[in-house]
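> Fold the stuff below for me.
(one chain, ligands or ions: 1)
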Amino acid sequence: MAQKVLEINGLTTGFLAEKEIVKATDRVNLQLEKGKTLCLVGESGSGKSVTSLAIMRLIEFSGGRILEGSIAFQKQDLAKKTQEEMLHIRGNKIAMIFQDPMTALNPVFTVGEQIAESLRLHQGMKKEKAWTEAIKLLRLVGIPSPELRVKQYPHELSGGMCQRVVIAIALACRPDVLIADEPTTALDVTVQAQILDLLRSLQKEIGMSILLITHDMGVAAEMADRIAVMYAGAIVEEGDATAIFDKPSHPYTTGLLQSIPGLEGERGHELYTIAGTIPPLSALPSGCRFHPRCPHVMDKCRAVSPPSMTVGDRHTSACWLYEEGERA
Ligand code: SF4
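Purely as a prediction, here's the structure:
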């Protein structure tokens, strides 16, 4: 079995809202294997980004906190680390890139200064060496004329180029894990494909593991080795990417797949939309949290929350349809 670099168990997070804690994620279990890509998918508001912020322990800076659970990384529990200890892990062993490269970069420093800063901070490199390394990194992420670009400011580069710079900063310390939160959503389609290609080739070269957060099943189809589907703060299905695309088990996953234009739409089918909206986490329905939107809802679903059940080889689904005897 592949080596696990990150193992999340029972991760429950919450935010304080009007004197009470509202859960943002509920007993999330995830495993990221060495050199592989795990895609965390779901609609916006499902808790994907909160999960990534919790792993990085950035959740505290947005008013949230970890309520329960563990985040095992290199025999340490990140959930128990102090913020000072996290400074040695964040950006060094685990790096993160976000949706909008323009807000991730500082407009008053050149891109070279920003890459070099990360190298000086985490690797103790001297100024000159860090500058030479910054040029190498720009070349690695496919930026032409890196010797010239290194002296430019973010506003002098396109959105796609800026995201390449952000990736260069993230890779400066050769992290074991890269968390990419909707890294291509702000970019146009052609640039999106180039950035995904870049992430794949860098993954091969560096051997890092990627936790890719996306609402786009098309992106997940291209990138994922494994997929975890999140709905209203909980993982509802998890498994090998091929198994999930070939034989999705949870009705929510089926709905997500049927709403991809490239899959059903291009064959002339009408695009499916999942009825209803994701519930606010402060007012989850009883029983299965997906039941008000589910075309297969049964009485039991309204009353009791389904546990995660095995539906195949390393493939689980939190749905009563898979209780023994319910469905072949
Ligand atoms: Fe639908 Fe019931 Fe399965 Fe929930 S448990 S997804 S309501 S069939």
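
> Nearest to the ligand: which residue in the stretch 51-200 of the chain?
Thr51 (20.5 Å; C-beta to the nearest ligand atom). No exception for glycine: its C-beta is placed from N, CA and C like everyone else's.

> packing partners for the helix or strand where that residue lies?
Element membership of Thr51 [criterion: DSSP states H and E] is helix 48-55. Applying 3 or more C-beta pairs under 8 Å, 6 or more residues apart in numbering; DSSP states H and E, we find helix 48-55 packed against strand 4-17, strand 20-33, strand 37-41, strand 64-73, strand 177-181, strand 209-214.

> Can you add mean pLDDT and give those strands back as JSON lines?
Listed next are the helices and strands packed on helix 48-55 as JSON lines, based on pLDDT from 0 to 100:
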{"stretch": "strand 4-17", "mean pLDDT": "95"}
{"stretch": "strand 20-33", "mean pLDDT": "94"}
{"stretch": "strand 37-41", "mean pLDDT": "97"}
{"stretch": "strand 64-73", "mean pLDDT": "97"}
{"stretch": "strand 177-181", "mean pLDDT": "95"}
{"stretch": "strand 209-214", "mean pLDDT": "96"}
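
> Mind checking the ones you listed for the one nearest to the ligand?
The nearest among the helices and strands packed on helix 48-55, by C-beta to the nearest ligand atom, is strand 20-33 at 14.6 Å.

> Help me confirm that Thr185 comes into contact with Phe98.
No. Look at Thr185 against Phe98 with C-beta atoms under 8 Å: they stay out of range, at 9.8 Å.

> More neighbours: which of those two?
More crowded of Thr185 and Phe98, by other C-beta atoms under 10 Å: Phe98, with 20 against 15.

> Any buried residues in stretch 155-170, and which?
By neighbour count on 16 or more other C-beta atoms under 10 Å, the buried set for stretch 155-170 is 157, 159-170.

> make that stretch 37-57, sorry
Within stretch 37-57, the residues that count as buried by 16+ other C-beta under 10 Å are 37-43, 45-57.

> do stretch 210-220 as well
So for stretch 210-220, counting by 16+ other C-beta under 10 Å, buried means 210-217, 219-220.

> Val219 and Thr185, how far apart?
From Val219 across to Thr185, the span is 9 Å (C-beta to C-beta, to the nearest Å).

> Same check on Gln203?
Applying C-beta to C-beta, the value for Gln203 to Thr185 is 19 Å.

> quick revisit: could I get the helices and strands packed on helix 48-55 as JSON lines with distance to the ligand?
Shown next, in JSON lines, are the helices and strands packed on helix 48-55 (distance: least, C-beta to the nearest ligand atom, whole Å):
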{"stretch": "strand 4-17", "distance to the ligand": "20"}
{"stretch": "strand 20-33", "distance to the ligand": "15"}
{"stretch": "strand 37-41", "distance to the ligand": "16"}
{"stretch": "strand 64-73", "distance to the ligand": "23"}
{"stretch": "strand 177-181", "distance to the ligand": "26"}
{"stretch": "strand 209-214", "distance to the ligand": "22"}
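
> on that earlier part again, can I assume the residue of the stretch 51-200 of the chain closest to the ligand is in contact with Leu11?
Yes. With contact defined as C-beta under 8 Å, Thr51 reaches Leu11; the gap is 6.8 Å.

> Which neighbours do those two have in common?
Jointly contacting Thr51 and Leu11 under the rule C-beta atoms under 8 Å, 6 or more residues apart in numbering are 25, 28, 30.

> got a markdown table for these, with neighbour count too?
Output for those, formatted as a markdown table (neighbours: other C-beta atoms under 10 Å):
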| residue | neighbour count |
| --- | --- |
| Thr25 | 27 |
| Val28 | 25 |
| Leu30 | 21 |
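
> of these, closest to Thr103?
The nearest member of the shared contacts of Thr51 and Leu11 to Thr103, counting by C-beta to C-beta, is Thr25 at 23.8 Å.

> Who are the contact partners of the most centrally placed residue in the chain?
Nearest residue to the geometric centre of the chain (C-alpha atoms, centre = their mean): Ile213, 2.5 Å. By C-beta under 8 Å, 6+ apart, the contact list for Ile213 reads 39-40, 48-49, 51-52, 179-182.

> what are the bridge partners for it, then?
Ile213 has these beta-bridge partners by DSSP bridges: Leu40, Asp181.

> Met230: which element?
Using DSSP H and E, Met230 falls within strand 226-231.
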